[in-house]
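# could you work out the structure for the sequence below:
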Amino acid sequence: FNGRIRIFNMNNTEWILLDTETTGLVSPIFVVELGAQKMKGYEPDGEPFRRLINHNTSIPQEASRVHGYTPEILERDGSPPLEAYDDFKKYVQNLPVVAYNLEYDWDKVLVPEWKRLGIDPIGRRGFCALRLAQRLLDPVPAGNCKLQTLRQYYRLPEQGAHTALGDVMTVCDLMSIVLRPIAEDRDLKSYDQISDYAREEWFPVRIAFGKHKGRSIFEAKIDSKLRGWIEWLCDSKSERSRRMGTYYLNLLKKAGDSGQDVEIPLSE
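Numbers count the residues shown, from 1 in each chain. Here you go, the predicted model:
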């Protein structure tokens, strides 16, 4: 490449989009359905992966009411865990794994499960698609970034809510139809650029707490009280509040902190 840094275009990058259905939120958490789709850029590449997994364990009723799986169904249709993950390893190879709530699916569910089963991690940790959506869509026109809320707001196809593979395919649609044009407009052209963007510290432009809850921080360009509140955050004893205040001031500066008309950026 003649001494130049090579940047892999997102459209040529392979990665895995994953979702799990589980026994709940209380540890130990067991996977009952594992769904995944190999991606090439923003588009599905080949057949998806789906396995029901039978751990021979109980499933709380509240979890069964969400995804519909019972011990009887898993005993009949599920695979033994080691067999399921052996197949999953062949599917994933060493590609990065992305999920719509990566901290849950990867950190709290899969990594502890693999450790419990005595197997090495499969693939490598990618980025959180939820974090990417929250940042790219900020301020979120749908009101929140719950997957089914966004599906309904953007009129994406119904893919089978609260099944692992159904939710994976909904995230595929969200990435391709909704997030891709915004990312490209922001000059995020490679997988690494998108991954870094999703990982960077970020705070929503609509204030989420306090007396200014619901207001856009860009109103501080013409509202001295709101501006003062942001500056007060910068001097807070809380490290997170200080980082938030500094982030907002830098955002105002980038937007052109002057007496010009307030513009609240929309993602549509």
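# need phi/psi at residue 119.
When read as degrees, to the nearest 10, the backbone of residue 119 gives phi -120, psi 150.
# so which helix or strand takes in the residue lying closest to it once chain neighbours are set aside?
Using Cβ to Cβ, 6 or more residues apart in numbering and skipping the chain neighbours, the partner closest in space to residue 119 is residue 85 (6.0 Å). Yep, even glycine has a C-beta here, placed from its N, CA and C like the rest. Using DSSP states H and E, residue 85 maps to helix 81-92.
# just residue 122 next, same as before
Residue 122 is part of no helix or strand, with elements assigned from DSSP H and E.
# rewinding a little: ok, and for the helix holding residue 85, which residues are buried?
81, 84-85, 88, 91-92 (16 or more other Cβ atoms under 10 Å).
# what's the neighbour count on residue 179?
23 (other Cβ atoms under 10 Å).
# close enough to count as contact, it and residue 131?
No. Here residue 179 lies out of contact with residue 131, judged by Cβ atoms under 8 Å, at a distance of 11.5 Å.
# so residue 127 belongs to a strand, correct?
Yes. According to DSSP: H, G, I helix; E, B strand; the rest coil, residue 127 belongs to a strand.
# residue 102 is in contact with that one, correct?
Yes. Residue 127 is within contact range of residue 102, at 6.9 Å (criterion: Cβ under 8 Å).
# now residue 235. Nearest residue, chain neighbours left out?
Using Cβ to Cβ, 6+ apart, the nearest residue to residue 235 is residue 242, at 7.3 Å.
# and stretch 167-179, average pLDDT?
Taken as a whole, stretch 167-179 has a mean pLDDT of 97.
# run through who's touching that stretch.
Residues external to stretch 167-179 that are found in contact with it (Cβ atoms under 8 Å, 6 or more residues apart in numbering): 17-19, 35-37, 39, 42-44, 48, 100, 129, 132-133, 136-137, 147-148, 150-151, 154, 156-157, 159-161.
# C-alpha coordinates for that stretch, PDB please?
C-alpha atoms of stretch 167-179 as PDB (Å, rounded to 0.1, in the frame of the first residue of the first chain):
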ATOM      1  CA  ASP A 167     -34.100  -9.400  17.300                       C
ATOM      2  CA  VAL A 168     -30.900  -9.900  15.400                       C
ATOM      3  CA  MET A 169     -32.700  -9.500  12.100                       C
ATOM      4  CA  THR A 170     -34.400  -6.300  13.400                       C
ATOM      5  CA  VAL A 171     -31.000  -4.900  14.300                       C
ATOM      6  CA  CYS A 172     -29.800  -5.800  10.800                       C
ATOM      7  CA  ASP A 173     -32.600  -3.700   9.400                       C
ATOM      8  CA  LEU A 174     -31.900  -0.900  11.800                       C
ATOM      9  CA  MET A 175     -28.200  -0.800  10.900                       C
ATOM     10  CA  SER A 176     -28.800  -0.900   7.100                       C
ATOM     11  CA  ILE A 177     -31.900   1.300   6.700                       C
ATOM     12  CA  VAL A 178     -31.600   3.800   9.600                       C
ATOM     13  CA  LEU A 179     -28.100   4.000  11.000                       C
END
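# give me the distance between residue 109 and residue 167.
With distances taken as Cβ to Cβ, to the nearest Å, residue 109 is found 14 Å from residue 167.
# who has more neighbours, the two?
Higher neighbour count among residue 109 and residue 167: residue 167, with 27 against 24, using other Cβ under 10 Å.
# beyond the helix or strand that the more buried one is a member of, next helix or strand please.
Taking DSSP H and E as the definition, one finds residue 167 inside helix 164-173. As assigned by DSSP H and E, the chain's next helix or strand after helix 164-173 is helix 180-185.
# which strands and helices sit next to that next one?
helix 129-136 (3 or more Cβ pairs under 8 Å, 6 or more residues apart in numbering; DSSP states H and E).
# hang on, the earlier thing: residues near the residue nearest to residue 235, how many?
Count around residue 242 with other Cβ under 10 Å applied: 14.
# so it makes contact with residue 232?
No. At 10.3 Å, residue 242 does not count as touching residue 232 under the criterion of Cβ under 8 Å.
# part of a helix, is residue 34?
No. Read with three-state DSSP, residue 34 is strand and lies in no helix.
# could I get the contacting residues of the nearest residue to it once chain neighbours are set aside?
Spatial nearest neighbour of residue 34, excluding adjacent residues (Cβ to Cβ, 6+ apart): residue 51 at 5.1 Å. Contacts of residue 51 were listed using Cβ under 8 Å, 6+ apart, and they are 33-34, 78-79, 84, 87-88.
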